[in-house]
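> give me a model of this one.
(chains A and B)
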There are 2 protein chains.
Amino acid sequence: MKSEVKTAEQLAKEQREISVAEFFEKNRHLLGFDNPMKALMIAVKEMVDNSLDACQEAGILPEITIKIRELSEDRARVSVEDNGPGIVKEQIPRVFGKLLYGSKFYKMRQGRGQQGIGVSAALLYSQLTTGKPAIVISRTAKGKPAHEMHIRIDTSKNEPEVIKDEKFEGNFNDHGTYVEMEMEGKYRKGDRSVDEFIRQTAIANPFAKLVYHVNGEKVTYSRIIEQLPKEAKQIKPHPQGVEMGVFEKMIKMTKGRTIAGFLSGDFTRVGPNTAKDILKLAKVNPNTKPDKITREEMEKIWRNLQKAKLMKPPMDCLSPIGGDVLEKSLKKDVGVDFTAAITRSPDVYRGMPFQVEVCIGYGGKLDPAGSAQIMRFANRVPLLYQGSSCAITKAVQDIAWKSYHIEHQNNNPTGPLVIVVHMASVWIPYTSESKEAIDPYDEIEKEIKLAKQDCARKLKTYLAGQHRRMLEGKRKGLFEKYLPEIANNLSLLSGEKDAEIRKHLEKLLSKGVVDESENGESEGEIKSTGEESS
Amino acid sequence: MKSEVKTAEQLAKEQREISVAEFFEKNRHLLGFDNPMKALMIAVKEMVDNSLDACQEAGILPEITIKIRELSEDRARVSVEDNGPGIVKEQIPRVFGKLLYGSKFYKMRQGRGQQGIGVSAALLYSQLTTGKPAIVISRTAKGKPAHEMHIRIDTSKNEPEVIKDEKFEGNFNDHGTYVEMEMEGKYRKGDRSVDEFIRQTAIANPFAKLVYHVNGEKVTYSRIIEQLPKEAKQIKPHPQGVEMGVFEKMIKMTKGRTIAGFLSGDFTRVGPNTAKDILKLAKVNPNTKPDKITREEMEKIWRNLQKAKLMKPPMDCLSPIGGDVLEKSLKKDVGVDFTAAITRSPDVYRGMPFQVEVCIGYGGKLDPAGSAQIMRFANRVPLLYQGSSCAITKAVQDIAWKSYHIEHQNNNPTGPLVIVVHMASVWIPYTSESKEAIDPYDEIEKEIKLAKQDCARKLKTYLAGQHRRMLEGKRKGLFEKYLPEIANNLSLLSGEKDAEIRKHLEKLLSKGVVDESENGESEGEIKSTGEESS
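Here you go, the predicted structure:
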């Protein structure tokens, strides 16, 4: 047996740089591409997310067409076409053919994408499983030419390769982008399917028209509202969400000419006076040039910033869906009897603004016997996998459902109930690159829990009312059954005509019940019957 | 409100490349650095893994000194020093100061590291939380100078920055490497502590001497065996673990001059004849130059390779710990009464060879009331976090413990039991970059389950024996209690002297029991009492 024992010099020769594309090629499960069913959903998700982000940034009401065609047992072709602003020709190769390339990573603003991995990961997977390039067609304005490009990733360099680059002469939207990929993929219906992703996307993005074709069948989700959500503004970082190492990097890269100017110019919620106070505490001259600050001074300034009483970051970087909009969406989608919603005030985790919204729906067409459906959203994107490690699921299981008159099994609520939870933030702390679950930070879990409790309280009141109505109905039924008997007895006692008494009693009875069922406010009246406890 | 609506050209200007270091800086929880306690453990783990890998590659029996010193409430200094082969000066900056750089990513061979992320991720975290560089001292051979370097990562480029670069004049090992980092970190004792990591590392690496100092206290784990494990050989990829996209890349990069030469030269288990057969099925001329193969031909060849009956890959790329060694380790560490171990034959998942070993220990100093401890290892590295998503834990919960006479709660075994599971593979499919859990591939889970069942069966036999011994003991106790009475009665009946009968009976009694306790093989004898059922 030849020995392979090595010296430091031999070991050194084996060291190599690993391209991030190769890394994910070998670890594709980290990107969510673990199996053919899921891969198809993730690919559609990444393409649709990009389309929605682009439309919103360009102020265009989105119209998106998604097509899936199964080609064989384990292969499918997926395409997504939008009416967005299009992509300038020079950018197309890198947007689709390079991992860790994007516009959202450095922005402090709510958006669907944040990592610059999504759609290029789908291309990587498609290439890995079929060897075929992605087809992209895009036009940026009417009158300008549409370009068609076929793109691959050179995984050993993580750089795009353009296979074909031509003017597209066919019919194409005035502006927009079309992306098509072939991949190992299986279409299935069910809880975590592409169908479900599209359906939930429509709920959280009611301003988008989605046209969905699968194997030739077509479903259209029309708009529920006709305007785009409020624009999310870009903000500067809050000092209390910035770690020492990043603070140092910011000092190196600042355009501020003094350290005081750096503090008040590069951060939100640090004015010139606050900057002076902080620097006084750190014993640093406010006029020092940033590149003259020593390591120790840096650390002192940073520590004082962390302890300072600063205002929370501004919240116009967020764009919640809105409770009323969610209720509308849910009623249209599910057909429930009752909805309640709340949009909590924004809060902050690690310096990052975020906001939680919850909407619950009850009754109607929902299955009274099954478990409640929990719909999870992060920046309007449905999360279908990894529920058990998600802050949203954990917060659901943390609620004492029994005390809201809702049945549960192992703390998972059951009955004809749907719970929609949306977290909006400038940075969603996902548990993995596949963006399937939200890391359960304490602050986030707490907000979700409070929002859910609020909705659950409203549901409890509604259910109590419903219970009373049911009891009232039962009483009425009993009374009606014995009414002839009672009328007869009263007639014998009073000498009045049986039929007269009967008519009178019937009128009384119907009045009380009609009042109740026509007017939701009349709970107090009925409460006075004092029979609602059970 | 100023509108921020953008055109395609404006959007294009915002697109940027994101460095992988920046990506992980913002997503450090993906690397396992979620909290100060865990961060400390992960940092130690990455450094120790590197030391052990280097020593094994160089054929050196490892002696590793780990030091932790808490500096304040939330800050600690960590250092690891080894007697390994050292690192040549030119490589030091990139080994520590660049993510995705390493020697193991491309190797088909069992090793602790595989991604080229570990120790540079620790440096990234240290820099992020303290702003300080890592200190590295290394010497490659006696007589050569030792170098001291202070290293940081330029996160916007993912490139190392060398702050200090000097000959080290102090005392230093003949050969080896010293690494020191300061970081936000907390030392705590317990299940997932650095203590536990070191302890379990000693169990799975009984050929290593580990000296562990924490806040001035010292623990030494001496070697249990005095030789290094069998070397793991590097193998070529197996065609049935290679996806279409990678296959294509291999064709492009091959040094083979014909497609037949490529198949038989670049893969394991494809000889010249097999190559010819495959190419015949794919209708491709075996003498075609690899760069002349069309996309369709490629796909045909690949599909036929996937369907072909090929031998499993060679297994000398694996280096299991060995059942007997595990039993020794466990006995020394825990002090158990009983151990059983099995090393399963190697198997394959997605073309990757892997092998499972299980060792269980019972009784002794283990807590009879608590839950069983499960120790998880991947390529000899202890896995302390994310147990619930790990193939090993899932396999434990999948076993009907009751049928092995082991109590359980929700399928988690309880009692004085420790279960050690080791998976060795050329590629461990971790569920995240932090390498905390093994993805539950069916093939892997099945092997783990079979190995555990084997050990559990042995434990069942042992426990049954123990149970019989206990019943026997009880019988003896009862008999002793009534012995004077019985002797007295027998004396009255037979006329023999009371004391004589008593002596006789006592002799009989002690003989039966002594036989049983001195000789483990005597179960059959006692079984014949026919009283063991319960």
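
> what is the helix ranked longest in chain A packed up against?
In chain A, taking DSSP state H as the definition, the longest helix is helix A:442-494. Packing partners of helix A:442-494 (3 or more Cβ pairs under 8 Å, 6 or more residues apart in numbering or on different chains; DSSP states H and E): strand A:338-343, strand A:347-349, strand A:352-362, helix A:391-397, strand A:417-425, helix A:498-518, helix A:523-527. Bear in mind the C-beta positions are built from the backbone N, C-alpha and C, glycine included.

> distance to B:Glu166, mean neighbour count and mean pLDDT added to the ones you listed, as JSON lines?
Output for these, formatted as JSON lines (distance: least, Cβ to Cβ, whole Å; neighbours: other Cβ atoms under 10 Å in any protein chain shown; pLDDT from 0 to 100):
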{"stretch": "strand A:338-343", "distance to B:Glu166": "59", "mean neighbour count": "21", "mean pLDDT": "94"}
{"stretch": "strand A:347-349", "distance to B:Glu166": "43", "mean neighbour count": "18", "mean pLDDT": "90"}
{"stretch": "strand A:352-362", "distance to B:Glu166": "41", "mean neighbour count": "26", "mean pLDDT": "94"}
{"stretch": "helix A:391-397", "distance to B:Glu166": "48", "mean neighbour count": "23", "mean pLDDT": "93"}
{"stretch": "strand A:417-425", "distance to B:Glu166": "46", "mean neighbour count": "25", "mean pLDDT": "96"}
{"stretch": "helix A:498-518", "distance to B:Glu166": "88", "mean neighbour count": "13", "mean pLDDT": "64"}
{"stretch": "helix A:523-527", "distance to B:Glu166": "82", "mean neighbour count": "13", "mean pLDDT": "32"}
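
> let me know which of the ones you listed is the nearest to chain B.
strand A:352-362 (10.6 Å; Cβ to the nearest Cβ).

> what strands line up against the closest one, and which way round?
strand A:338-343 (antiparallel), strand A:347-349 (antiparallel), strand A:417-425 (antiparallel) (DSSP bridges).

> gap between it and the chain center?
The chain centroid and the centroid of strand A:352-362 are separated by 10 Å, computed with Cα atoms, centre = their mean, to the nearest Å.

> partners of the helix or strand just after it in the sheet?
Once the chain leaves strand A:352-362, the next helix or strand it forms, by DSSP states H and E, is strand A:373-378. Partners of strand A:373-378 in the sheet, by DSSP bridges, are strand A:381-383 (antiparallel), strand A:417-425 (parallel).

> what sits up against strand A:373-378?
Residues from elsewhere that reach strand A:373-378 (Cβ atoms under 8 Å, 6 or more residues apart in numbering or on different chains): A:200, A:203-204, A:321, A:366, A:382-383, A:387, A:390, A:392-393, A:396, A:417-423, A:425, A:428, A:430, A:435, A:437-438.

> domain ranges for chain A?
A:20-221, A:239-307, A:323-452, A:462-527 (automatic domain parsing).

> which of the ones you listed sits closest to B:Gly84?
domain A:20-221 (25.5 Å; Cβ to Cβ).

> follow-up on the earlier one: out of the domains of chain A, which gets nearest to B:Thr294?
domain A:20-221 (11.2 Å).

> quick one: terminal-to-terminal distance for the closest one?
37 Å (Cα to Cα, to the nearest Å).

> so A:Leu326 is in which element?
helix A:323-334.

> can you give me how far that helix is from the chain middle?
Distance of helix A:323-334 from the chain centroid (Cα atoms, centre = their mean) equals 15 Å.

> please list the residues of the stretch 201-350 of chain A that sit near chain B.
A:231, A:233-234, A:243-249, A:295, A:298-299 (Cβ under 8 Å from any Cβ of the partner chain).

> who are the neighbours in contact with the nearest residue to A:Val348 once chain neighbours are set aside?
Closest residue in space to A:Val348, ignoring its immediate chain neighbours: A:Lys312 at 5.3 Å, by Cβ to Cβ, 6 or more residues apart in numbering or on different chains. With contacts taken as Cβ under 8 Å, 6+ apart, A:Lys312 has the following neighbours: A:238, A:269, A:346-348, A:353.

> just the pLDDT at the nearest residue to A:Gln234 once chain neighbours are set aside, thanks.
In space, and not counting its chain neighbours, A:Gln234 is closest to A:Arg109: 4.4 Å by Cβ to Cβ, 6+ apart. Confidence at A:Arg109, expressed as pLDDT, is 87.

> please apply the same query to A:Cys55.
96.

> correct me, but it touches A:Pro62?
Yes - using Cβ atoms under 8 Å, A:Cys55 is in contact with A:Pro62, at 3.9 Å.

> what do these two both touch?
A:82-84, A:208.

> from chain B, how far out is the closest residue to A:Gly216 other than its chain neighbours?
Excluding its sequence neighbours, the residue lying closest to A:Gly216 (Cβ to Cβ, 6+ apart) is A:Arg69, at 7.8 Å. According to Cβ to the nearest Cβ, to the nearest Å, A:Arg69 and chain B sit 19 Å apart.

> which stretch of helix or strand covers A:Arg69?
Assigned by DSSP H and E, A:Arg69 falls in strand A:63-72.

> chain center to stretch A:435-442: distance?
Counting by Cα atoms, centre = their mean, stretch A:435-442 comes out at 12 Å from the chain centroid.

> measure it end to end?
Per Cα to Cα, stretch A:435-442 runs 19 Å from first to last residue.

> returning to what we had before: quick one, which of the strands paired with strand A:373-378 is nearest to A:Phe168?
The nearest among the strands paired with strand A:373-378, by Cβ to Cβ, is strand A:381-383 at 29.3 Å.

> now do stretch A:206-226, average pLDDT.
Per-residue scores along stretch A:206-226 average to 96.

> how about it: buried residues?
A:206-212, A:214, A:221, A:223-225 (16 or more other Cβ atoms under 10 Å in any protein chain shown).

> can you tell me which of those residues end up in strands?
Assigned to strands by DSSP state E, the following of these qualify: A:209-212, A:214, A:221.

> could you grab the helix/strand/coil label for A:Tyr187?
Put simply, A:Tyr187 is coil when judged by DSSP: H, G, I helix; E, B strand; the rest coil.

> any stretches of chain A with poor pLDDT?
Scanning chain A for pLDDT under 70 picks out the ranges A:1-4, A:508-534.

> the same query, at a cut-off of 80, please.
A:1-5, A:106, A:470, A:472-496, A:501-502, A:504-534 (pLDDT under 80).

> the residue nearest to A:Gly216: neighbouring residues, count only.
Other residues near A:Arg69 number 15, with proximity taken as other Cβ atoms under 10 Å in any protein chain shown.

> A:Gly185 is in contact with that one, correct?
No - with contact defined as Cβ under 8 Å, A:Arg69 does not count as touching A:Gly185 (10.3 Å).

> identify the contacts common to these two.
A:Ala76.

> need phi/psi at A:Gln91.
The phi/psi pair for A:Gln91 (degrees, to the nearest 10) reads phi -90, psi -20.
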